[in-house]
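Novice: this one's sequence-less:
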DNA sequence: TACCAGGAGAAAA
DNA sequence: TTTTCTCATGGT
């Protein structure tokens, strides 16, 4: 197994792409709603649904909670899985309404907030960590399918590399800084879309040069 | 036409 | 415990 070096990978990706300015949302509510809507869906589709929710004044958990399912089905349809995602948005809204002011929820310790979010229907590790990192601004690295594919390609994990293993790998070597960890995840997604999905062995890919340096 | 896109939960093995 | 199935749409 090759010794993982997330800081070097981060540095190379950042030098290549620069800051990604994630998460693309104006408010914490919008960010959290977007995290549900983007599940197994391209962001272009999820953002259409977020836009339609905003147009209808539904980017508010109390309002969302009281909105009839049928109205939400129509509003979020572009994001796909509209019935399931309506259930998940309602579950998140119910949780947030029950917790009181947003600031109070967001400022809970990251482990406490993470556990609470994981108990909400429709929120798994990736979605919970996205919210903890990008909405609450707490130092948590988000692992997604791109991360796993990339870490496997780098030889840092084998095929069974699980979520927690990859997350610990990053937490153990990167500064506990939400800005940097959030940027790292965003850069991995950017790189996957720009290089690894279309041209797996293209020249100029920061990951390819990282693999070369690992051989030294 | 088939496949993919920033998952998660439930059911089955 | 692990694997498989289901959920839905739009773009390529």
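Specialist: It's in. Treat the numbers as computed from the prediction; the structure is a model and nothing was measured. Numbering: from 1, shown residues only, chains lettered A, B, ... in the order given.
Novice: use CA for all of it now, contacts and neighbours both
Specialist: Fine.
Novice: Residue nearest the middle of chain A, spatially speaking?
Specialist: The centroid of chain A falls nearest to residue A:130 when counting by C-alpha atoms, centre = their mean (3.9 Å).
Novice: Next up, identify which helix or strand that one is on.
Specialist: Element membership of residue A:130, judged by DSSP states H and E, is helix A:125-130.
Novice: what about the next helix or strand along the chain from that helix, distance to the chain center?
Specialist: Tracing the chain past helix A:125-130, the next element assigned as helix or strand by DSSP H and E is helix A:145-153. Centre-to-centre, helix A:145-153 and its host chain are 15 Å apart (C-alpha atoms, centre = their mean, to the nearest Å).
Novice: Quick one: check helix A:145-153 for contact with DNA strand B.
Specialist: Yes. Judged by C-alpha under 7 Å from any atom of the strand, helix A:145-153 comes into contact with DNA strand B at A:145-146.
Novice: May I see the buried residues of that helix?
Specialist: Neighbour counts using 16 or more other C-alpha atoms under 10 Å place A:146-151 of helix A:145-153 among the buried residues.
Novice: counting contacts, what elements does that helix pack onto?
Specialist: Packed against helix A:145-153 by the contact rule (3 or more C-alpha pairs under 8 Å, 6 or more residues apart in numbering; DSSP states H and E) you find helix A:178-191.
Novice: measure residue A:117 to residue A:173 for me?
Specialist: Here the criterion is C-alpha to C-alpha, to the nearest Å. By it, residue A:117 lies 26 Å from residue A:173.
Novice: out of the two, which sits in the more crowded spot?
Specialist: residue A:117 (22 against 12; other C-alpha atoms under 10 Å).
Novice: which residue packs closest to that one, ignoring adjacent ones?
Specialist: residue A:128 (5.7 Å; C-alpha to C-alpha, 6 or more residues apart in numbering).
Novice: Look at the one you found and say how many residues are nearby.
Specialist: Residue A:128 has 24 nearby residues by other C-alpha under 10 Å.
Novice: who's in contact with it?
Specialist: The contact partners of residue A:128, taken as C-alpha atoms under 8 Å, 6 or more residues apart in numbering, are A:114, A:117-118.
Novice: Let's see which of those residues end up in helices.
Specialist: Members of the contacts of residue A:128 lying in helices (criterion: DSSP state H): A:114, A:117-118.
Novice: before we move on, back to that, columns distance to DNA strand C and pLDDT on top of the buried residues of helix A:145-153, output as CSV?
Specialist: CSV is the format used below for those (distance: C-alpha to the nearest atom of the strand, whole Å; pLDDT from 0 to 100):
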residue, distance to DNA strand C, pLDDT
A:146, 17, 87
A:147, 18, 90
A:148, 15, 86
A:149, 16, 84
A:150, 19, 87
A:151, 18, 89
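Novice: from those, which single one is nearest DNA strand B?
Specialist: Taking C-alpha to the nearest atom of the strand as the measure, DNA strand B sits nearest to residue A:146 out of the buried residues of helix A:145-153, at 6.7 Å.
Novice: How about the helix or strand where residue A:52 lies and DNA strand C, touching?
Specialist: Using DSSP H and E, residue A:52 sits within helix A:43-55. Yes. Helix A:43-55 is in contact with DNA strand C by C-alpha under 7 Å from any atom of the strand, via residue A:45.
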